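Student: attaching a predicted model along with its sequence, questions to come.
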Amino acid sequence: MGSSQTKPEFVSVLADQQVKHGHNVTLKCEANTEDVTAEWEKSGCRLQCVYGKHTVDKRFTTFTLNINNVQKEDEGKYTLKLTNKAGTASCSAMVIVEIKEWRTIEWKQDPMIRKIRDFKIKNEEVRELRFLLHGPIGAGKSSIINTIKSIFEEHQFINCLAASDSDATGTSFTTKYQKFSIGTLPFAFYDVMGLEKDNKDGRSKGARSDDIINALKGHIPDDYEFKDNYPMSKENVNYISDPTLNNKIHCLVSVIAADKVSIMDNEVIQKMKDIRAEASKLGIPQLVFVTKMDKVCVLAREDLTKTFQSKKIKEKMEECSTKLGVPMNCTFPMKNYHEETKMNEKLNCLVLEAFTQAVESANDYVKKFSHKE
């Protein structure tokens with residue numbers, strides 16, 4: 001009888017690699033035996049080696065894969081499978097491609113904070129600029145408010161109740177049309193219930209599109225409690241029939257989670273598009289804040305300054321832009337405070353970049369009414 005084979009095991013495994021666009025990368029590992037058949041896969045499919053692009057090598061028990069002139073499409077999960085009659089073993093690693101920086105921002109928070117603190121509204125009749133955040137349940141609307149308040153109040157702010165990622169109830173934590181001020185600054189955020197798919201019997205769930213549209217127009221008072229199947233109407237005693245510019249919303253912010261955009265329900269997307277269409281008729285500026293972008297990109301999770309060199313984040317932003325019909329230059333990636341207990345300057349800079357654009361857009365909107373009756 002011949003000697004039995006040794007079941008393959010890895011002495012050292014493949015390691016995740018970050019590589020600049022156009023550079024070369026090598027994946028390398030070592031097994032406990034050379035008596036195996038080796039097969040490379042990319043993202044779950046057998047790797048189709050291209051001449052001059054891929055080089056597969058085996059030297060005794062060491063296995064390598066070289067990828068030359070790395071391009072965006074080379075990003076993915078690479079797996080090596082070793083097989084013999086005694087069994088199989090596999091290990092995987094991610095290749096993350098740093099593409100050419102496609103947007104630049106200042107990674108120092110002090111000048112950005114100073115610019116907001118020195119801000120003046122271009123319409124003397126407007127006491128504060130108002131921002132309405134809307135989007136699916138769990139997208140991070142309340143967390144955005146908490147994060148911005150934390151930046152300007154210089155401590156972790158958690159009074160705006162937000163759902164955790166592990167919350168499985170599928171229920172919006174926000175039930176009222178609630179106002180949140182930013183210290184003494186002339187800004188106010190309005191949080192609403194999350195948008196949901198309606199029940200099978202046609203009954204509305206979550207925030208109603210018509211309620212959000214009424215909020216945009218200034219018909220809904222602070223602390224109004226939303227009711228699933230009873231939208232605000234002119235007959236309601238709380239209805240503001242003759243709203244001033246101070247009652248209206250000056251910038252609409254759509255909030256989408258990067259890790260959920262691909263599985264968003266079409267009905268929820270349509271509700272967001274309907275609200276956007278009404279905002280467009282009213283001339284209200286609109287932005288998209290893409291949250292949780294660190295969940296879709298290892299590169300940015302490890303170093304937030306790599307956000308605008310991430311192929312994955314750019315793809316998610318383009319997907320949001322396409323689904324909602326919002327230009328890319330009105331779409332901003334960000335990460336909210338979640339696990340952190342200390343302030344993070346790079347995180348703050350991403351949020352401040354988006355917030356500054358919202359402030360400037362809202363200011364341009366109210367300026368148009370400064371000389372109108």
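Tutor: In hand now; what should we look at?
Student: how's the protein carved up into domains?
Tutor: Listed domain ranges for the chain are 10-98, 109-367 (source: automatic domain parsing).
Student: among those domains, which is the most enclosed?
Tutor: Compared across the domains of the chain, domain 109-367 shows the largest average neighbour count, a mean of 18 (mean count of other CB atoms under 10 Å). Just so you know, the C-beta spots here come from the backbone N, C-alpha and C atoms, and that holds for glycine as well.
Student: quick check: next helix or strand after the helix or strand harbouring Phe180?
Tutor: Take DSSP states H and E as the rule and Phe180 turns out to sit in strand 176-181. Next in sequence after strand 176-181, counting helices and strands by DSSP H and E, comes strand 187-191.
Student: which one of the domains of the chain lies closest to Ser4?
Tutor: For the domains of the chain, the distance to Ser4 is smallest for domain 10-98, at 6.8 Å, taking CB to CB.
Student: quick check: longest strand in the protein by residues?
Tutor: strand 87-98 (DSSP state E).
Student: show me what contacts Glu128?
Tutor: Residues in contact with Glu128 (CB atoms under 8 Å, 6 or more residues apart in numbering) are Ile121, Ser181, Pro186, Phe187, Ala188, Asn246.
Student: the fourth one is in contact with Ile121, isn't it?
Tutor: This means Phe187. No - counting by CB atoms under 8 Å, Ile121 is not a contact partner of Phe187; they are 9.5 Å apart.
Student: quick one, the strand holding Phe180 and strand 187-191 angle?
Tutor: 160 degrees (axes from the mean of the first three to the mean of the last three CA atoms, to 10 degrees).
Student: can I get strand 176-181 as PDB, trimmed to CA atoms?
Tutor: Output of strand 176-181 as PDB, limited to C-alpha atoms (Å, rounded to 0.1, in the frame of the first residue of the first chain):
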ATOM      1  CA  LYS A 176     -42.700  63.300  16.200                       C
ATOM      2  CA  TYR A 177     -41.800  66.200  13.900                       C
ATOM      3  CA  GLN A 178     -39.000  67.100  16.300                       C
ATOM      4  CA  LYS A 179     -36.700  70.100  16.100                       C
ATOM      5  CA  PHE A 180     -33.000  70.000  17.100                       C
ATOM      6  CA  SER A 181     -31.000  73.200  17.400                       C
END
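Student: what is that strand packed up against?
Tutor: strand 187-191, strand 224-225 (3 or more CB pairs under 8 Å, 6 or more residues apart in numbering; DSSP states H and E).
Student: closest one to Lys306 among those strands?
Tutor: Closest among the helices and strands packed on strand 176-181, once you apply CB to CB, is strand 187-191, at 28.5 Å.
Student: worst average pLDDT in the helices and strands packed on strand 176-181?
Tutor: Here those differ in mean pLDDT, and the lowest is strand 224-225 at a mean of 89.
Student: re the thing from before, would CSV of the domains of the chain with distance to Ser4 be doable?
Tutor: Output for the domains of the chain, formatted as CSV (distance: least, CB to CB, whole Å):
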stretch, distance to Ser4
domain 10-98, 7
domain 109-367, 40
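Student: lowest average pLDDT across those?
Tutor: domain 109-367 (a mean of 90).
Student: how long is that domain end to end?
Tutor: 27 Å (CA to CA, to the nearest Å).
Student: OK, contacts around the spatially closest residue to Tyr177 that is not a sequence neighbour?
Tutor: Once flanking residues are discounted, Tyr177 sits nearest to Tyr224: 4.4 Å by CB to CB, 6 or more residues apart in numbering. Each residue near Tyr224 by CB under 8 Å, 6+ apart is listed here: Lys176, Tyr177, Met232, Asn238.
Student: how close does Tyr224 get to Arg103?
Tutor: Tyr224 sits 38 Å away from Arg103, going by CB to CB, to the nearest Å.
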